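*Asks:* A structural model of the following input is requested.
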Amino acid sequence: AESQFLSMTTTASDSDDDGSGGLDASIVLRRCAACLGASGIMLGAYGGHKLSGGALERWRTAVLYHLVHATAILGLSASIKKKKQNKALVASGSLLTIGTLCFSGSLYLKTLGMFPKGGFGLITPIGGMCMIAGWACAVF
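*Replies:* The predicted structure is shown next:
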């Protein structure tokens, strides 16, 4: 009975398949945005209750960028759906997603003292550059 209900509530537009055998970028980015949005709220709440001082300020920066870009990615996913897989918008959403994970993720790890030692110090600025590139791709 449950599988019948799921098949009745799933429409062709909810499928991950874009009709060409590939994934529908608008759906993938919408799901990324949803995960980023939910995790941003949870991480913001954690930081607000558990951190103080400089650690809280770094955490707030990570959460701000995290949530702003989750919202932007959600908007891009809607635009991609309307513009039939526009490659520049897909690139923009992908770069914003990767950039957010690298930038905010590295700030969270640094704040918690869990950031790996070694050559990983460039992850934060690489994430920032990905976000800048993502915004630039949205122009086209």
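*Asks:* what's the next secondary structure element after the lengthiest helix in the chain?
*Replies:* Longest helix of the chain, by residue count under DSSP state H: helix 53-82. Next helix or strand after helix 53-82 toward the C-terminus (DSSP states H and E): helix 87-111.
*Asks:* pLDDT at the residue nearest the centre of the chain, what is it?
*Replies:* When the chain is reduced to its mean C-alpha position, the nearest residue by CA atoms, centre = their mean turns out to be T97, at 3.8 Å. For T97, the pLDDT comes out at 98.
*Asks:* which one is it nearest to, not counting chain neighbours?
*Replies:* Nearest non-adjacent residue to T97, counting by CB to CB, 6 or more residues apart in numbering: C32, 4.9 Å away. C-betas here are computed from N, CA, C, even on glycine.
*Asks:* check contacts around the one you found.
*Replies:* C32 makes contact with I73, G93, T97, according to CB atoms under 8 Å, 6 or more residues apart in numbering.
*Asks:* low-confidence ranges in the chain?
*Replies:* The chain contains residues with pLDDT under 70 at 1-22.
*Asks:* hmm, try it at 50
*Replies:* 2-13 (pLDDT under 50).
*Asks:* what does stretch 101-120 contact?
*Replies:* Against stretch 101-120 from outside (CB under 8 Å, 6+ apart): 40, 43, 47, 51, 55, 58-59, 61-63, 65-66, 123-124, 126-128, 130-131.
*Asks:* buried stuff in that stretch?
*Replies:* For stretch 101-120, burial by neighbour count (16 or more other CB atoms under 10 Å) applies to L101, C102, F103, S104, G105, S106, L107, Y108, L109, K110, T111, F115.
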